[in-house]
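1. Got a sequence here, can you model it:
(2 chains)
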Amino acid sequence: MNGESALACRDVTVHYGDVAALVGVSVAFRPGMIHAVVGQNGAGKTTFARVAAGLVKPVAGTLSIGGCEVPTGNVNLARAAGVELVHQSFALPPSFTVAEAMEFGATGGGAIYSRRRLEARWGRHLASLGVKVRLRDRIRDLAVELQQGVEIARALVTEAKVLILDEPTAVLSPAGIDTLFARLRGLKAAGVTIVLILHKIREVLAIADTVTVLRGGRLVEGPIATADTNASQLAHSIVGSEEEKKLTGADEAALVGASEAVASAAAPSARAASAILELRDVNTRPDPEGPTLGDVSLTVGRGEIVGIAGVEGNGQRTLVRTLSDLTELQSGRIVIAGIDVTHTPLRDRRAAGLRVIPFERNSEGLSLSSALWENWSARKLLFDRLLAPISPSRLRKECAEALDAWDVRYATTTQPAGSLSGGNAQKLILSREVDPAANLIIAAQPTRGLDVGATAFVWRSLREARARGCGILFISSDLDELFDISDRLVVMLSGRIVGEFRPPYRLGDVGAAMTGALA
Amino acid sequence: MKTRLIAVLRALAFVLLALVLCGVIFEFAGRAASTAGNPYSAILMFQSIAEGAILNRGAWQDSLRWALPLFITASGVAISFRCGYFNVGAQGQFYVGAIAATFVVDGMRGAPAALVIPLTFVAGILGGAVWALWPGVLRVKSGTDEVITTLMGNFIAGLLLVYVTAGILKDPSGTGQVMASRPVAAAYRISTSSGLSPTIIVIAVIVGVAMWLLVNRTAFGVLSSLAGRNPIMVVWQGARLSRLGLAGFVLSGGLAGLAGTVEVLGPNGRLVSGFLPTHGFTAILIALVASLSIAGTAIVSLFFGGLAAAGLYLPVLVGLPAAAIDIINAAIALFITARTWPGLERLFKHRAAAAGGG
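-> Numbers count the residues shown, from 1 in each chain, chains lettered A, B, ... in the order given. Reported below is the predicted structural model:
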């Protein structure tokens, strides 16, 4: 079997510190096909891709490329053997022009460059791959789809025989995914073997010839032909029977991206619910962290979850920063619980019931080197006077009670927050931000990087908050998740709101709004 | 608790390492010097340090004389470092506090002591606080690096000290060899020249207890420590970082000014140009060795106070210049900086982000 495989690994085991990322994984991919590797967050998909590309050295196991064994953990040898990896987060220097980025790391160009020579060299290459891009544009100015196109083109400079793409669809709109898939089919026709790391079953079934499922670092099954399986079977393999019992059908489908259209599990909300948040014609001043908001008007009712959809970087961050008084307004009004907070600092907005689960839990949400109880009590202490006396032992006890109630796994409240796993860190933030006094919760990418159990937990706690009458603004780049949890869905594009949807949501319509195809 | 103990032991190990290194250097230097008829040895040096710091009669009092003002300044430094601001201007704040105190005590000659002494203290504390306030304002309003401004402030304050002791505050009856102010009238002194008195001990104890409570038993303590470790997170929680930061600056400056006042009213008895030129820097060192804990600062201050006291014995007993103590201090500083580097790195990592976030 080894003789005819384009890429094969045998008994690969990888440890990160004490954590086993991969355990005894053996898999072989046949040439000239599109292979999908799926699994939840933390299942070991990315680690697998890195082992195959020689970026990670496993503690045990072998790697063979095109039938020849290649020493593990050596990028240059893996590359020479024809394996290229396109990373999840793009690795091109943002200040380079397209031509420069292509030349960067390529060989055989000579020591002296001229712009014209560079452009001549790479113009043809990009055109042959169907990437329509101006060679003088800077990488940072390109749309995400084009950046990815350039990234793929760069990976193919060396005439790679095996191309591995790590979660290439995560940053794309539905239309962008179609473009990507067309490009991949073209490459397959040209004889390239493609390994796709994915986490949506829908995408797997749409593009891949075979599928391989990882769970908890172990191989569950595969590669099996996609023709021989179906969505519910795959969902079962990915989630595992134990977790499956705790999930509703809609939640499970959303977790694994199994279905085309998802009926929201939400109870139909009362239309006349009074508004807890109102943004009226909000425009912001330029902000270094994202596009400015343009005439954003948005209402969130009590007991309503409003989802914000959009390709990443289209103003979602600015919206959250605006609500948190971290971006300056140019015009417009913000009303929370009937109080005009347009010119009110975040502390007073929080006192009015605003809670924020920020995008980056490790920098914006927690101080990793501070103790759990300090992180947890920050919100409370801020409402106090600075010199207000505190009793650390009582705060530690309250913190322990809250953490127990939120099912956080920890040893002591004095351990640093950085010692928690991603899911437990997010639960710590939830235990701080979702309190009885909360009446508007901004949840920015609250499930990113979490495994199935933790994701379901976040959804459940936000739904419980909704049941108590909380208004929730849920920002995510995962449409399946948004379809599952949102009572109403708003689409952002370039800092503007370009569409509003109610369930049942249709992927095509929302996707069109995300890319501006909806006029 | 266990991690704390490890941190303390590690700090001690580094101090010990620095001492051993200095011992080796002085041993060789001493042998080389023996041909010039001036031999000294490391053993003798450490022996006389021990004598000068603890063993001799009166050595304890002498060590405390140096330790207490150092502790007052160092606890302020610890507070500002905890807030995430690298106020290295303790020396300048110490000087400006001393200058302000001298102005008051000199200008109010003849008034009752019960009035003059409190006002002198207020002036000294305010002087130090003001000298920390302007770098603080520059930092939180426009993001100016406080390492630069407070360091510059040290030079300005040092020159200001020369200026006033040579000018407005100059003692007209002085010899002209030492530029200094008129001696503080005996009624206003809080200690004799030996430098230790119940008043100074009480002041140090009050500062210690107050700062310990502030750090460990108030909202400020928790929030400033969070802000020092991750200002971005605290901003997302709705804290006004600038207020926390300014409080840290003003407190550290005020305490350095208090130490300056103690020196003028106590052991020094007058304002001398260029006096105690390394006081503020030793205080920074103490705060770092103590890992910014207030209790630790108290203990480490005793150690460095002992070194300072011993420094005066060295030339007499061993024939070693008093600068040997500075070399030991510098070696300890080097090792401690190496030890705390990850902490400092964390501090610097967030600086840029925090500059715009306030």
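
2. got a list of what the residue minimising distance to the centre of chain A touches?
-> Centroid-nearest residue in chain A: A:R448, 5.3 Å away (criterion: Cα atoms, centre = their mean). Contact analysis of A:R448 by Cβ atoms under 8 Å, 6 or more residues apart in numbering or on different chains lists A:S476. C-beta coordinates here come from the backbone N, C-alpha and C atoms, glycine included.

3. what does A:T229 give?
-> A:T229 touches A:V211, counting by Cβ under 8 Å, 6+ apart.

4. For it, give me the pLDDT.
-> We have a pLDDT of 89 for A:T229.

5. try A:E481
-> Listed pLDDT for A:E481 reads 91.

6. these two touch, right, A:T210 and A:A227?
-> No. Assessed by Cβ atoms under 8 Å, A:T210 is found out of contact with A:A227, at 9.4 Å.

7. Which of these two has more residues huddled nearby?
-> Ranked by neighbour count (other Cβ atoms under 10 Å in any protein chain shown), A:T210 and A:A227 place A:T210 first, with 22 against 9.

8. what are the ranges of the strands in chain B?
-> Remark: strands of chain B are absent; assignment by DSSP state E.

9. any weak-confidence spans in it?
-> B:1-3, B:33-39, B:176, B:339-358 (pLDDT under 70).

10. circling back to that earlier point, so the residue nearest to the centre of chain A, which of the three states?
-> Here A:R448 is recorded as coil under DSSP: H, G, I helix; E, B strand; the rest coil.

11. how near is it to chain B?
-> Per Cβ to the nearest Cβ, to the nearest Å, A:R448 is found 16 Å from chain B.

12. And chain A, what are its domain boundaries?
-> Here the domain assignment for chain A is A:2-82+A:160-239, A:96-158, A:261-353+A:438-519, A:371-436, based on automatic domain parsing.

13. Now the weakest link among those, please, by mean pLDDT.
-> Across the domains of chain A, the lowest-scoring stretch is domain A:96-158, with a mean of 80.

14. give me every residue that touches the closest residue to A:L346 other than its chain neighbours.
-> Spatial nearest neighbour of A:L346, excluding adjacent residues (Cβ to Cβ, 6 or more residues apart in numbering or on different chains): B:G238 at 3.6 Å. B:G238 is in contact with A:S324, A:D325, A:P345, A:L346, A:R347, A:D348, A:R349, A:R350, A:L382, counting by Cβ under 8 Å, 6+ apart.

15. contacting residues around A:G495?
-> A:T284, A:G290, A:P291, A:T292, A:L293, A:G294, A:V296, A:N314, A:G315, A:T318.

16. The second one touches A:G315, doesn't it?
-> In this case it means A:G290. Yes. Using Cβ under 8 Å, A:G290 is in contact with A:G315, at 6.0 Å.

17. who's more crowded, the two?
-> A:G315 (25 against 20).

18. so A:G294 touches A:N283, yeah?
-> Yes. Here A:G294 lies in contact with A:N283, judged by Cβ under 8 Å, at a distance of 6.0 Å.

19. excluding its backbone neighbours, what's nearest A:K57?
-> A:G73 is the one closest to A:K57 (Cβ to Cβ, 6+ apart), at 2.6 Å.

20. What count of nearby residues applies to the one you found?
-> Neighbourhood size, A:G73 [other Cβ under 10 Å]: 15.

21. Repeat that for A:P174.
-> 18.

22. Let me know whether it touches A:D509 as I believe.
-> No. Judged on Cβ under 8 Å, A:P174 makes no contact with A:D509 at a distance of 9.8 Å.

23. near chain A, which residues of the stretch 201-350 of chain B?
-> B:214, B:216-223, B:225-226, B:229-230, B:232-240, B:243-244, B:247, B:346 (Cβ under 8 Å from any Cβ of the partner chain).

24. hmm, 10 Å instead?
-> Applying Cβ under 10 Å from any Cβ of the partner chain, we find that the stretch 201-350 of chain B lies next to chain A at B:213-214, B:216-240, B:243-244, B:247, B:342-343, B:346, B:349-350.

25. which of the residues you listed count as buried?
-> Burial by neighbour count, judged by 16 or more other Cβ atoms under 10 Å in any protein chain shown, picks out B:214, B:218-240, B:244, B:247, B:343, B:350 from those.
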